[in-house]
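Novice: give me a 3D structure for the following:
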Amino acid sequence: MQIQSRLPDIGTSIFSIMSKMALDHGAINLSQGFPDFSIDENIINLVHRYMLEGNNQYAPMPGAPILRSTIATVIADTYQRTIDPETEITITAGATEGIFAVIAAVISAGDEVILFDPSYDSYNPAIRLNGGIPIHINMTSDFSIDWDMVRAKITPRTKLIMINTPHNPSGAVLQEHDLKALEKIALEYNLLVLSDEVYERLIFDDVKHQSVLRYPALAARSFAVFSFGKTFHATGWKAGYVVAPDYLTREVRKTHQFIVFSVNTPVQLALAEYMQTPSHYQSLGKFYQQKRDFFLHQIKGSSFEPLPSRGSYFQVVSYRNISKQGDVAMAEELTRQFKVASIPVSVFYQDKTDNHLLRFCFAKKEETLERAGAILRKL
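Specialist: As a prediction, the model looks like this:
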């Protein structure tokens, strides 16, 4: 039987491709964004305890009440914003499901969604699968947003603007003036905002994370998406959450319940208890800044030129002094010949813009980064 693909141009993700290539060639995998170190044993013990206590059936569709209540407390402490855990927080199967549920909830056929390239690879397909039209706007050379260009791209069909800060792949962060510009545009044109903030805790150099939750008028029309996997080094648990005003949360829950219904119960309960200790998440910026600095020290003396990384666990480097070949070819050569895997940044662009940049993940053990650095310094 022949079927017509709804995503005919989509193949295996670059993350799977490069991770497989790293495995096939025995390369150090700094491509896919996951830690290679153990998570806190305490949270593992909590999950185990809740399993043994019999918490192994469906959780409530919006999420375990104790976890939503805990998140509301954390948001109040972090962003000085009062959130109703009953009507404004939904636990999702990772941030990716949260993003998809939001888009499925508010985007109809022909609606336009503005997003900024380089952008995470799930955004565009999620929009298209729900009948929307992605409107890609390239960020500037320093990975900032030209808000005048945004205004020029808005049409009567524009429904939603998607932002991501701290930004994957660049490590750039939006600043206060960016959020104020976004707020002004959203109000002027009556737009919704989807803010991907999965790296909210992974922010460096005394920079302040500018969440949409800090801006009341913006928060009133925004979905903020977060990830426990990124925060607690447990990407395989696929647990995240969406924060939105009650009128928007009602719509998200309608789609969420038919995508996954609910998220696994023992992990939710363990996260709720684990987050009672603020030090478990408040020190993450310092933790990852040390890893970023360690990685930068390891590649010091190489011909790679690092770009500023103010957040996330990614470091983008230019290889213009090493090779003129395209970044996909460069990433493949680096993996096959030199045994270090990275991600070519052009894959994050709809138009495949190639500025000769590679993205390395530094969420790794020091010995992993040290071995990779020894190789990269020779280039």
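Novice: what about stretch 348-365, distance to the chain center?
Specialist: Here the centre of mass of C-alpha atoms in stretch 348-365, compared against the chain's by Cα atoms, centre = their mean, to the nearest Å, lies 14 Å away.
Novice: and that stretch, which residues are buried?
Specialist: 348-350, 354, 356-364 (16 or more other Cβ atoms under 10 Å). From N, CA and C alone the C-beta is placed, and that goes for glycine too.
Novice: would you list those in TSV and tack on pLDDT, distance to residue 178 and secondary structure?
Specialist: Supplementary listing: those in TSV, determined by pLDDT from 0 to 100; distance: Cβ to Cβ, whole Å; DSSP: H, G, I helix; E, B strand; the rest coil:
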residue	pLDDT	distance to residue 178	secondary structure
348	95	19	helix
349	97	20	coil
350	95	21	coil
354	97	26	coil
356	97	26	coil
357	98	22	strand
358	98	26	strand
359	97	22	strand
360	97	25	strand
361	96	25	strand
362	97	25	coil
363	96	25	coil
364	96	30	coil
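Novice: got those as a markdown table, with distance to residue 155 columns?
Specialist: Formatted as a markdown table, the buried residues of stretch 348-365 follow (distance: Cβ to Cβ, whole Å):
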| residue | distance to residue 155 |
| --- | --- |
| 348 | 24 |
| 349 | 22 |
| 350 | 18 |
| 354 | 29 |
| 356 | 33 |
| 357 | 31 |
| 358 | 35 |
| 359 | 32 |
| 360 | 38 |
| 361 | 37 |
| 362 | 40 |
| 363 | 39 |
| 364 | 43 |
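Novice: and the furthest pair within those residues?
Specialist: Across the buried residues of stretch 348-365, the two members that end up farthest from each other (Cβ to Cβ) are 350 and 364, 29.6 Å apart.
Novice: what's the burial count for the nearest residue to residue 172 once chain neighbours are set aside?
Specialist: Nearest residue to residue 172, sequence neighbours excluded (Cβ to Cβ, 6 or more residues apart in numbering): residue 143, at 3.8 Å. By the criterion of other Cβ atoms under 10 Å, residue 143 has 21 neighbours.
Novice: can you check residue 22 too?
Specialist: Number of residues near residue 22 (other Cβ under 10 Å) recorded here: 21.
Novice: from residue 129, how far out is the nearest residue to residue 255 once chain neighbours are set aside?
Specialist: Distances taken as Cβ to Cβ, 6+ apart place residue 104 nearest to residue 255, at 4.1 Å, with adjacent residues excluded. In this structure, residue 104 and residue 129 are 8 Å apart, going by Cβ to Cβ, to the nearest Å.
Novice: ranges for the strands of the stretch 151-300 of the chain?
Specialist: Ranges of strands within the stretch 151-300 of the chain are 158-164, 192-196, 222-227, 240-243, based on DSSP state E, counting those that start in this stretch.
Novice: I'd like the ones you listed laid out as TSV, including mean pLDDT.
Specialist: Rendered in TSV, the data for those read as follows (pLDDT from 0 to 100):
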stretch	mean pLDDT
strand 158-164	98
strand 192-196	98
strand 222-227	98
strand 240-243	98
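Novice: need those in JSON lines with distance to residue 300, can you?
Specialist: Compiled in JSON lines, those are given as follows (distance: least, Cβ to Cβ, whole Å):
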{"stretch": "strand 158-164", "distance to residue 300": "29"}
{"stretch": "strand 192-196", "distance to residue 300": "31"}
{"stretch": "strand 222-227", "distance to residue 300": "31"}
{"stretch": "strand 240-243", "distance to residue 300": "35"}
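Novice: which among those is found nearest to residue 53?
Specialist: The closest of these to residue 53 is strand 240-243. By Cβ to Cβ, the value is 23.0 Å.
Novice: pull the CA atoms of that closest one into PDB?
Specialist: Written as PDB, here are the backbone C-alpha positions of strand 240-243 (Å, rounded to 0.1, in the frame of the first residue of the first chain):
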ATOM      1  CA  GLY A 240       8.900  18.300  31.500                       C
ATOM      2  CA  TYR A 241       6.100  20.800  32.100                       C
ATOM      3  CA  VAL A 242       4.200  23.700  30.500                       C
ATOM      4  CA  VAL A 243       3.300  26.800  32.400                       C
END
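Novice: okay, now the sheet partners of it, with direction.
Specialist: Sheet neighbours of strand 240-243, with direction, are listed as strand 89-92 (antiparallel), strand 222-227 (antiparallel) (DSSP bridges).
Novice: turn the ones you listed into JSON lines, including distance to residue 316 and mean neighbour count.
Specialist: Putting those into JSON lines (distance: least, Cβ to Cβ, whole Å; neighbours: other Cβ atoms under 10 Å) gives the following:
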{"stretch": "strand 89-92", "distance to residue 316": "28", "mean neighbour count": "26"}
{"stretch": "strand 222-227", "distance to residue 316": "20", "mean neighbour count": "27"}
